[in-house]
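>>> quick one, what's the 3D model for this:
(one chain, ligands or ions: 1)
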Amino acid sequence: MKKKNILITGGAGFIGVNLTHYLLSDPNNNVIVYDNLSRKGVEHNLAWIQSLKCKNLAFIKGDVRDYIKLKEVVEGIDEIYHLAAQVAVTSSVENPVDDFEINAFGTLCLLEAVRRKCLNAILVFSSTNKVYGELLHLELQESNTRYAFTGDKKGISEQENLDFHSPYGVSKGTADQYIRDYHRIYGTRSIVFRQSCIYGQHQYGNEDQGWVAHFIIKSLLGKKINIYGDGKQVRDLLEVRDLINAYMLAVKNIEKTQGEIYNAGGGIKNTLSLLELIFFLAETLKKEIEYELFPWRPGDQKIFVSDNTKLEKDLSWKPNRSAKDGIRNLIVWIKDNIELIKNVST
Ligand SMILES: NC(=O)c1ccc[n+]([C@@H]2O[C@H](COP(=O)([O-])OP(=O)(O)OC[C@H]3O[C@@H](n4cnc5c(N)ncnc54)[C@H](O)[C@@H]3O)[C@@H](O)[C@H]2O)c1
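Numbering: from 1, shown residues only. This is a model prediction of the structure:
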């Protein structure tokens with residue numbers, strides 16, 4: 001079989017290292033991880049993946065804002081997964097210029113490199129549900145533990161209006177639209193995934209990003225959890241291996257998927273509110289978990305649930321892992337690595 005050269009920007013990060021691990025299992029894949037290691041803790045992900053001693057893995061320490069370097073690196077590449085990003089809404093509010101440069105300008109640098117050096121490469125981009133904004137027009141009902149849609153609405157589809165909110169929402173949304181437009185204007189073979197909350201092993205969650213892992217870590221360490229808002233905000237959770245499965249199907253069916261945008265999340269069956277996760281952890285870990293409420297953070301949606309119909313229809317994709325099983329699995333990984341995680345995430 002023909003060898004494939006694959007580039008993963010942000011390949012040392014949470015989603016990136018899981019994807020790298022998956023792709024390395026095929027000896028026909030040569031995988032290059034391109035990452036500037038700016039996210040705290042990801043050096044451990046890199047050390048882990050390198051410890052597997054796969055001959056088909058290469059690491060390049062690099063920045064997505066470095067256009068000259070990107071142009072060299074993409075030469076001869078067949079597939080690109082663009083995951084590198086500044087990922088926290090909070091940091092984007094503190095430093096919007098950095099956020100813009102990494103997420104928007106960095107993506108444009110990559111697109112230009114692809115246009116000049118490997119126009120035929122397949123490009124998968126990890127966008128976010130934050131491009132739909134706060135969704136204030138939705139009619140919601142409120143119970144003791146959560147918000148819910150009224151009527152029979154199952155989720156948010158790709159037809160929802162774009163309404164970038166927060167510098168992170170704007171910079172990722174800009175990148176999302178550039179990726180789409182480079183397909184229209186220059187014919188890049190790209191696919192955009194607007195992802196809900198992704199969770200799983202190798203995620204060093206903290207208060208700014210990666211809330212599922214963060215809540216588990218705090219709970220295991222017996223520390224108080226800060227909740228911004230009333231805790232009833234609902235998210236649909238998607239286990240990282242299910243996301244990777246969606247990426248693989250999209251790449252395999254590139255003639256159908258290029259230029260398309262897909263919402264990808266756990267869907268209505270895999271939703272939890274922040275309070276519900278705390279209650280689930282208290283029950284599973286058999287301990288009391290202390291939490292405190294603080295004011296809402298900018299752009300925080302009261303509810304986001306992905307309507308996955310387009311992914312299901314085009315690619316026969318469905319999440320395979322239930323949120324509760326996935327969380328139990330993540331608890332085991334965090335317990336096994338708690339000493340290391342303690343130093344990174346708290
Ligand atoms: N995890 C989620 O729930 C989620 C949800 C929606 C979208 N996303 C998107 O998925 C992608 C991956 O997210 P993640 O959860 O794995 O985050 P992560 O922070 O674990 O990974 C991002 C990686 O990018 C690297 N990076 C940051 N700036 C860089 C730069 N300038 N040049 C090169 N590398 C750089 C970091 O060092 C890190 O390894 C991001 O684009 C994020 O916006 C994630």
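>>> which residue packs closest to V33, ignoring adjacent ones?
G11 (3.2 Å; Cβ to Cβ, 6 or more residues apart in numbering). In short, each C-beta sits where N, CA and C put it, glycine included.
>>> correct me, but the one you found touches D35?
Yes. Counting by Cβ atoms under 8 Å, G11 does reach D35; the two are 5.5 Å apart.
>>> touching both of the two, which residues are there?
Residues touching both G11 and D35 by Cβ atoms under 8 Å, 6 or more residues apart in numbering: F59.
>>> how close does the closest residue to the ligand within the chain sit to Y204?
Using Cβ to the nearest ligand atom, the single residue of the chain nearest to the ligand is G13, 1.9 Å away. G13 sits 9 Å away from Y204, going by Cβ to Cβ, to the nearest Å.
>>> which residues are common contacts for the two?
R39, V42.
>>> state the helix or strand in which E283 lies.
Under the criterion of DSSP states H and E, E283 resides in helix 274-285.
>>> contacts for that helix, please.
So helix 274-285 is contacted by 145-146, 211-212, 215-216, 219-220, 225, 227, 229, 231-233, 272, 288-289, 291, 324, 327-328, 331 (Cβ under 8 Å, 6+ apart).
>>> residues touching the closest residue to G106 other than its chain neighbours, list them.
With sequence-adjacent residues excluded and distances taken as Cβ to Cβ, 6+ apart, G106 is closest to V64, at 3.4 Å. Taking Cβ under 8 Å, 6+ apart as the criterion, V64 is in contact with T9, G10, Y34, N36, L70, H82, A84, I102, G106, T107, C109, L110.
>>> out of those, which are close to the ligand?
Counting by Cβ under 6 Å from any ligand atom, T9, G10, N36, A84, I102, G106 from the contacts of V64 sit close to the ligand.
>>> among the contacts of helix 274-285, which are located in strands?
In strands, defined here by DSSP state E, the members of the contacts of helix 274-285 are I225, I227, L272, Y291.
>>> counting neighbours, which of the residues you listed comes out on top?
Highest neighbour count within the ones in strands among the contacts of helix 274-285: L272, with 23 neighbours (other Cβ atoms under 10 Å).
>>> quick one: least confident helix or strand in the chain?
Within the chain, no helix or strand scores below helix 338-345, which has a mean of 88 by mean pLDDT, DSSP states H and E.
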